[in-house]
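Undergrad: Sequence first, predicted coordinates after that:
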Amino acid sequence: MDNKRVANMVHELADMMELQGENSFKVGAYRKAARAIENSRVALHELEKGPIELNGVGKGTAAVIQEILDTGQLQMLQELKAELPPELPPLLKIPGLGPKTVHTLYQSLGVTGLNELETVIEEGKVKQLPGFGPKKEKNIAEGIRKMKERPERYLLVDAYKVAEIIQARLRECPHVLRVELGGSLRRMKETVKDIDVVVATEHPKEVASVLKKMPEVADVINDGDRKVSLQVEMEIPIQVDVRFVLPHQFITTLHHFTGSKEHNVRVRRRAKTFGWKVSEYGIFDPETEEEHPFETEKDLYDRLDLPFIAPEMREDQGEFDRDEKDLPKLLTNEDYQGDLHMHTRWSDGTASVKEMALTAQKRGYRYIAITDHSQSLKVAGGLTAEDLKKQREEINAVNEELSGITVLAGVEMDILPNGQLDFPDEVLKELDWVIASVHTAFQQDEDTITKRMLQAMENPYVHMIAHPTGRLLNRREPYRVDMDRVFQCAKETGTILECNSNPYRLDLNDAYLRRAKEEGITIAINTDAHSPQGMELIRYGIGTARRGWLEAKDVLNTWPLEKVLSRLQAKKEGTLS
DNA sequence: GCCGTTTTCGGCCCGACTGTTTTCAGTCG
């Protein structure tokens, strides 16, 4: 049983207990454990001392997890389900509905699921309950509608488009002194639920009124002196929370609303050891009432005698356990030297080799690789060996014409369903850079798909595996592949693994990247651009890599071209150390 | 249920907003 399924059962247990009115700290403890399981880079059954190794998992939860691993079931959960309708927990997903309300609806009106809830709302029974009223009933109905029609989480790229428009408008507003994006957006999580914005201003009412008047506002969800929440309909329909603070509070508030929640809990605990109190408005000394304002987040961490921790690392995934010299110096956009996965009109791209090279040059890159699809991928106009030779001539011409940038001749070659590669070695060895990918037969079993990938990696002319798990966020699960074996083989053969920056892919993801780094596997971050604009998506790959704690040295694309080429040569010759 | 520079008990982040109340409970992040 994989971590995700175990985590889901523990979450379900927490939901059930919460609905029963169980102690909220106990419920929280199970939730924290479930998150630790989800985020663990190691499969539960591979932990040496068992689940208790995970932060937030103690004796009790460890026993619960062990029972799930051993039997696939959980006695305690079965018993709770016998006492409470099993369709109750999903109601907690309705925005505005918490455990107390759900429990009341169940006790007083016999609501056991979504259908009954909709019925009692229609019958007007909800507003008659003590503590309820017409507005509450209307809000619940609204919450149900929202839950049904909106995905739970949006792609980072879509949320960014909305966030940056709002940020730009706020910057034009005369009362706004500072404005930054926070939340999981700032931490570059692959998907986000809402957009958090922090604004420094002396006139929150005026700024709020500018926001509320935006034509895209579909609904004002919250409207207070310090905060407004808006439902906007732009690139995507999404909730935007804006916090207003005084300028001297800006840094602590930004830090607070950057999160993660788990990271903040640790920061607060840390402050407590100095006898200080932390809120979003600052760090205070309760004895002297003294307040510590900060110019930068680095000052804030300094104050707590901690090294600066980048937003992408603020997940309570071990960032507090490192002192300054052991904390990774995350790679930056400036470190990035060249994109090694892109398509042109030769296959399914929209631009020429030269157009792609010019765009890369403008971005300050030193090199790129043209990697069109191979012959068997007919839907994408895959190239034959003959086409590749002709394309090489065009690439040579571009290299002669342009200075300061080198275009490598590459290919994104299909790994065929039977495990064979789409080109023989004689073709591959003529190319500067060979990517192998799985684009077909996703439904194969784990062993078959894994072997396809291992076979490709063992070929000395294959340099990199693209988007290794094949997942598409919100669209397609990863194919069944044994990533332990893939990592092992990548290590042994010196094959590079990709972090694909396409916002639907971000594949490898943050957790796999961190594991790859620990295993000493080289990563390449590429956009898989099918147009010049596609190269802009690199920020999401770099953001994901930063979440995976990657440093410049871990990433092929930060190296000078000579070093890249000698690395590829070494794989070919099998001379990697 | 978890945890420990307050260490095996007693806390566990804490403030904003809404809708119901008429001083507060519930939800959210």
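TA: Arrived safely.

Undergrad: if I read this right, residue A:182 contacts residue A:252, doesn't it?
TA: No: contact criterion C-beta atoms under 8 Å: residue A:182 and residue A:252 do not qualify, at 11.7 Å. Just so you know, the C-beta spots here come from the backbone N, C-alpha and C atoms, and that holds for glycine as well.

Undergrad: could you measure the nearest residue to residue A:30 once chain neighbours are set aside against DNA strand B, distance?
TA: Here the nearest residue to residue A:30 in space, its sequence neighbours aside, is residue A:14; by C-beta to C-beta, 6 or more residues apart in numbering that works out to 4.0 Å. Note on residue A:14: its distance to DNA strand B, by C-beta to the nearest atom of the strand, to the nearest Å, is 10 Å.

Undergrad: low-scoring stretches of chain A, by residue?
TA: A:289, A:577 (pLDDT under 70).

Undergrad: Domain ranges for chain A, per the record?
TA: A:3-149, A:154-245, A:250-326, A:333-338+A:413-573 (automatic domain parsing).

Undergrad: got these as a markdown table, with mean neighbour count columns?
TA: Listed next are the domains of chain A as a markdown table, based on neighbours: other C-beta atoms under 10 Å:
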| stretch | mean neighbour count |
| --- | --- |
| domain A:3-149 | 16 |
| domain A:154-245 | 18 |
| domain A:250-326 | 16 |
| domain A:333-338+A:413-573 | 20 |
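
Undergrad: As JSON lines, these with distance to residue A:379 would be great.
TA: Converted to JSON lines, the domains of chain A look like this (distance: least, C-beta to C-beta, whole Å):
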{"stretch": "domain A:3-149", "distance to residue A:379": "31"}
{"stretch": "domain A:154-245", "distance to residue A:379": "24"}
{"stretch": "domain A:250-326", "distance to residue A:379": "36"}
{"stretch": "domain A:333-338+A:413-573", "distance to residue A:379": "9"}
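
Undergrad: mind listing the strands in the stretch 401-550 of chain A by residue range?
TA: A:406-414, A:433-437, A:464-465, A:496-500, A:523-526 (DSSP state E, counting those that start in this stretch).

Undergrad: Show me which residues of the stretch 251-400 of chain A are close to DNA strand B?
TA: Proximity of the stretch 251-400 of chain A to DNA strand B, by C-beta under 7 Å from any atom of the strand, involves residues A:257, A:259, A:261, A:264-265, A:268-269, A:272-273, A:277-281.

Undergrad: Just give me the closest of the residues you listed to residue A:111.
TA: Ranked by distance to residue A:111 (C-beta to C-beta), these are led by residue A:261 at 29.6 Å.

Undergrad: Tell me how far residue A:61 lies from DNA strand B.
TA: Using C-beta to the nearest atom of the strand, we find residue A:61 at a distance of 3 Å from DNA strand B.

Undergrad: outside of stretch A:310-321, which residues touch it?
TA: Here stretch A:310-321 makes contact (C-beta atoms under 8 Å, 6 or more residues apart in numbering) with A:39, A:55, A:186-188, A:258-260, A:262-263, A:265-266, A:270, A:306, A:309, A:327-328, A:330, A:543, A:546-547, A:549.

Undergrad: just checking, residue A:14 touches residue A:37?
TA: No: using C-beta under 8 Å, residue A:14 is not in contact with residue A:37, being 12.0 Å away.

Undergrad: List phi and psi for the closest residue to residue A:159 other than its chain neighbours.
TA: Excluding the flanking residues, the one nearest residue A:159 by C-beta to C-beta, 6+ apart is residue A:192, at 4.7 Å. Torsion angles at residue A:192 (phi, psi; degrees, to the nearest 10) stand at phi -140, psi 150.

Undergrad: Which strand residues bridge residue A:192?
TA: residue A:154 (DSSP bridges).

Undergrad: mind listing what it touches?
TA: Each residue near residue A:192 by C-beta under 8 Å, 6+ apart is listed here: A:153-154, A:156, A:159, A:183-185.

Undergrad: Which of those residues fall in strands?
TA: With DSSP state E as the criterion, strands contain residue A:154 from among the contacts of residue A:192.

Undergrad: Over to the residue nearest to residue A:30. Which of the three states is it?
TA: With DSSP: H, G, I helix; E, B strand; the rest coil as the basis, residue A:14 sits in helix.

Undergrad: Distance check, the closest residue to DNA strand B within the stretch 351-500 of chain A against residue A:3.
TA: Residue nearest to DNA strand B within the stretch 351-500 of chain A (C-beta to the nearest atom of the strand): residue A:474, separated by 18.5 Å. Residue A:474 sits 20 Å away from residue A:3, going by C-beta to C-beta, to the nearest Å.
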